[in-house]
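Peer 1: everything below, folded, please.
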Amino acid sequence: MAETQSSQNPGNPADAGAVAESIAQTRSIGASRAGLVAAGVLLSRIAGLVRATIFAHFLGNSAAADAFQAGFRIPNILQNLLGEGVLSASFIPVYSKMLGDNDDSADMVAWAVGALLSLAVAILVAVGIVTAPYLIDVIAPGFADDKRELTIRIVRIIFPGTGLLVMSAWCLGVLNSHHRFFASYAAPVAWNVAMIAALIYYGPRRTQDGLAIAISWASVAGSALQIVVQIPQTIAVMRLHRIDLARVVAPIKSIVGNLLPVVASKGALNVSAYIDTVLASLLPTGAVAAMNYGQLLYMLPVSLFGFSVAASELPAMSRASGSEEAASAMIRARLDRGLKQIAFLVVPSAAAFIFLGDMLCALLYQSGEFTHADALYVWAVVAGSGVGLLAATMGRLYNSAFYALLDTRTPLRFAIIRVVLTVILGYLFAIPLPRMLGIAQKWGVGGLAASAGIAGWVEFALLRWALNERIGWTGLHLRYLVQLWSVAIGASALGFAVKLATLGAAPRIQGAMAIGAFGAAYLIGAKILAVPELDALVSRISVRASRERSG
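Peer 2: Numbering: from 1, shown residues only. This is a model prediction of the structure:
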């Protein structure tokens, strides 16, 4: 991402002036929308971390934890193929444009998509329940006997709940297109609360296997609650509650045309994720659970800082109008601003994962059945994930730009390349490499996470190159990245010093002090170097706080 000259043309002066004015008018609105997404995601992720902490307390890295995490991942095939990411790429751009054009058939299209999605989900849920034993053999071939049987039961329980989550994603797509962001991204709080309640109630009362079954049922109840939370707003923004087939055929064809490449792309990424599960199931007990504990931490900055920006920008970029040059300039401006926002918060997250990951794991998970040795084990996953964290978050924004341009095939091609690399590198890093290095086989989980990060950087580089060829130069300047990494590494050194100075303290106290020192040092360093995104962040927080006080 080294600094290069922009290749964009100046275009029509009137277009340039209109673009500049439009960007100035929408900059604060876009930041506000991203803030709403981030607020909703933050609440749901906090609830998720609370759930994971209690889960770790009762189940640790046990065989039951492995079974639940593998069993939960298998039905997620359905959510990943037809859920939020797919609808964001296919449904939202078309629906948002129709709303922007004041097309009165827009709501008919939304209802038609919901009806088709319901039918597809019902069929796939039934297939998933029937074929659960065969799916286990494919996804977790290392599981046997009681562990395999427990996983099959969990899969059959969770599949209907995953179908409900797909329909929840339809509600999210409608609300996002109407610029209603908070409720849909905070809705997973309800899902997490249902599971937290089950963990607290059944945790002291049941065996680990029995607890895994109880929280599987709770996840289904939580999925239903997640829809209930969004339904009132969804119904409120939908003006027409009927479908005129003659008027929706053309938009539906466009959506389906965009949908198929995205489903293929998500399917390719699912292959990558499930290959990781296959490889982890071949490692010693605890590897699958450790991968999922690490994945939860990894997804926090991806969702909070990457997805929040990408989700809020997609409807806006989809409505870019004017000449081709004007529309490209608008997308470039929004993309570059979003990349800076993402990098400012993701670079320190990656540094913390790599250098202070044991403190993070101890702070969040170390309790009951989850020991300090488990925290060190999950650190290997977290550190490996840090390798590709920045690429994954920025890649989401580039994908949104392609989806706004109604191009779903370019991301598909690059996703396939990423999957092939992940499979090859994942096997090499997880199985032969530990033996070659003379270390225990269980540490292959770190190699799995790192291999995905390397493949993610390749995919990101290809996405950036292809989009730059199409709309002109985009990206982060090298000077800006050097600033951020310098401050983040310096903050990590201070956090590590605090860790050494507090040896012997309770793990969570030690972790809180080290991570607190790291965060404060990063913000102070950014202030000293006058990083503009810090001032913008403080300004947004101040404005929001002022509005709340005045309200």
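Peer 1: surely R45 touches P301?
Peer 2: No. Judged on Cβ atoms under 8 Å, R45 makes no contact with P301 at a distance of 9.4 Å. Where C-beta positions appear, they are placed from N, C-alpha and C, glycine not excepted.
Peer 1: pull up the overlap in contacts between these two.
Peer 2: With contacts taken as Cβ atoms under 8 Å, 6 or more residues apart in numbering, R45 and P301 have no neighbour in common.
Peer 1: neighbour count winner among these two?
Peer 2: Per other Cβ atoms under 10 Å, whichever of R45 and P301 has more neighbours is P301, with 26 against 22.
Peer 1: excluding its backbone neighbours, what's nearest that one?
Peer 2: S349 (3.9 Å; Cβ to Cβ, 6 or more residues apart in numbering).
Peer 1: how close does the one you found get to A488?
Peer 2: Applying Cβ to Cβ, to the nearest Å, the value for S349 to A488 is 9 Å.
Peer 1: go on, Y185?
Peer 2: In terms of Cβ to Cβ, Y185 sits 27 Å off from A488.
Peer 1: again with G306
Peer 2: G306 sits 17 Å away from A488, going by Cβ to Cβ.
Peer 1: between the two, which is the more surrounded one?
Peer 2: G306 (27 against 23).
Peer 1: so is that one in a helix, a strand, or just coil?
Peer 2: Three-state call for G306 (DSSP: H, G, I helix; E, B strand; the rest coil): helix.
Peer 1: same deal with L283?
Peer 2: Using three-state DSSP, the structure places L283 in coil.
Peer 1: contacting residues for it?
Peer 2: 142, 430, 441-442, 444-445.
Peer 1: rerun that using 7 Å as the cut-off
Peer 2: Residues counted as contacts of L283 (Cβ atoms under 7 Å, 6 or more residues apart in numbering) are 430, 441-442, 444-445.
Peer 1: gap between it and A290?
Peer 2: L283 is 9 Å from A290, by Cβ to Cβ.
Peer 1: who touches both of those two?
Peer 2: V445.
Peer 1: ignoring the adjacent residues along the chain, who's closest to L225?
Peer 2: Per Cβ to Cβ, 6+ apart, closest to L225 is A190, 3.8 Å.
Peer 1: number of residues surrounding that neighbour?
Peer 2: 21.
Peer 1: surely it is within a helix?
Peer 2: Yes. According to three-state DSSP, A190 belongs to a helix.
Peer 1: that one is in contact with A224, isn't it?
Peer 2: No. The criterion here is Cβ atoms under 7 Å, and A190 misses it with A224 at 8.9 Å.
Peer 1: returning to that earlier point: what would the contacts of L283 look like in TSV with pLDDT, neighbour count and distance to L481?
Peer 2: Shown next, in TSV, are the contacts of L283 (pLDDT from 0 to 100; neighbours: other Cβ atoms under 10 Å; distance: Cβ to Cβ, whole Å):
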residue	pLDDT	neighbour count	distance to L481
A430	92	27	30
Q441	91	14	36
K442	90	18	34
G444	92	27	31
V445	91	29	29
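Peer 1: got JSON lines for those residues, with distance to A401 too?
Peer 2: Converted to JSON lines, the contacts of L283 look like this (distance: Cβ to Cβ, whole Å):
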{"residue": "A430", "distance to A401": "33"}
{"residue": "Q441", "distance to A401": "41"}
{"residue": "K442", "distance to A401": "40"}
{"residue": "G444", "distance to A401": "36"}
{"residue": "V445", "distance to A401": "33"}
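Peer 1: tell me which of these fall in helices.
Peer 2: 430, 444-445 (DSSP state H).
Peer 1: gap between the most centrally placed residue in the chain and V41?
Peer 2: The residue lying closest to the centre of the chain (Cα atoms, centre = their mean) is S303, at 4.2 Å. In this view, S303 and V41 are 5 Å apart by Cβ to Cβ.
Peer 1: then F307?
Peer 2: 7 Å.
Peer 1: for C171, same thing?
Peer 2: 16 Å.
Peer 1: element containing S219?
Peer 2: helix 208-237 (DSSP states H and E).
Peer 1: next one: that helix to chain centre, how far?
Peer 2: 19 Å (Cα atoms, centre = their mean, to the nearest Å).
Peer 1: before we move on, what about stretch 198-205?
Peer 2: On Cα atoms, centre = their mean, the centre of stretch 198-205 falls 28 Å from that of its chain.
Peer 1: stretch 310-330 too?
Peer 2: 23 Å.
Peer 1: just stretch 422-436 next, same as before
Peer 2: Distance, centroid of stretch 422-436 to centroid of chain: 25 Å (Cα atoms, centre = their mean).
Peer 1: swap in stretch 134-148?
Peer 2: 27 Å.
Peer 1: for the record, mean pLDDT for it?
Peer 2: Averaged across stretch 134-148, pLDDT comes to 81.
Peer 1: ok, residues contacting it?
Peer 2: 63, 66-67, 70, 74, 151-152, 155, 274, 277-278, 281-282.
Peer 1: just the closest of those residues to V381, please.
Peer 2: Nearest to V381 among the contacts of stretch 134-148: T277, at 13.0 Å, using Cβ to Cβ.
Peer 1: what helix or strand does that closest one sit in?
Peer 2: With DSSP H and E as the test, T277 turns up in helix 245-281.
Peer 1: after that helix, next one along is what?
Peer 2: helix 287-301.
Peer 1: show me what that following helix is packed against.
Peer 2: helix 13-59, helix 63-73, helix 245-281, helix 324-365, helix 372-387, helix 389-404, helix 444-471 (3 or more Cβ pairs under 7 Å, 6 or more residues apart in numbering; DSSP states H and E).
Peer 1: what helices or strands is the shortest one leaning on?
Peer 2: It stands for helix 63-73. Where contact means 3+ Cβ pairs under 7 Å, 6+ apart, helix 63-73 is packed against helix 145-177, helix 208-237, helix 245-281, helix 287-301.
Peer 1: recalculate using a threshold of 10 Å.
Peer 2: helix 13-59, helix 132-139, helix 145-177, helix 208-237, helix 245-281, helix 287-301 (3 or more Cβ pairs under 10 Å, 6 or more residues apart in numbering; DSSP states H and E).
Peer 1: now for F307 and V41: what residues contact both?
Peer 2: 185, 299 (Cβ atoms under 10 Å, 6 or more residues apart in numbering).
Peer 1: how about D374: what's its closest non-neighbour residue?
Peer 2: Nearest to D374 is N61, by Cβ to Cβ, 6+ apart, at 5.2 Å.
Peer 1: the one you found is in contact with Y293, isn't it?
Peer 2: Yes. Look at N61 against Y293 with Cβ atoms under 10 Å: they come within range, at 8.1 Å.
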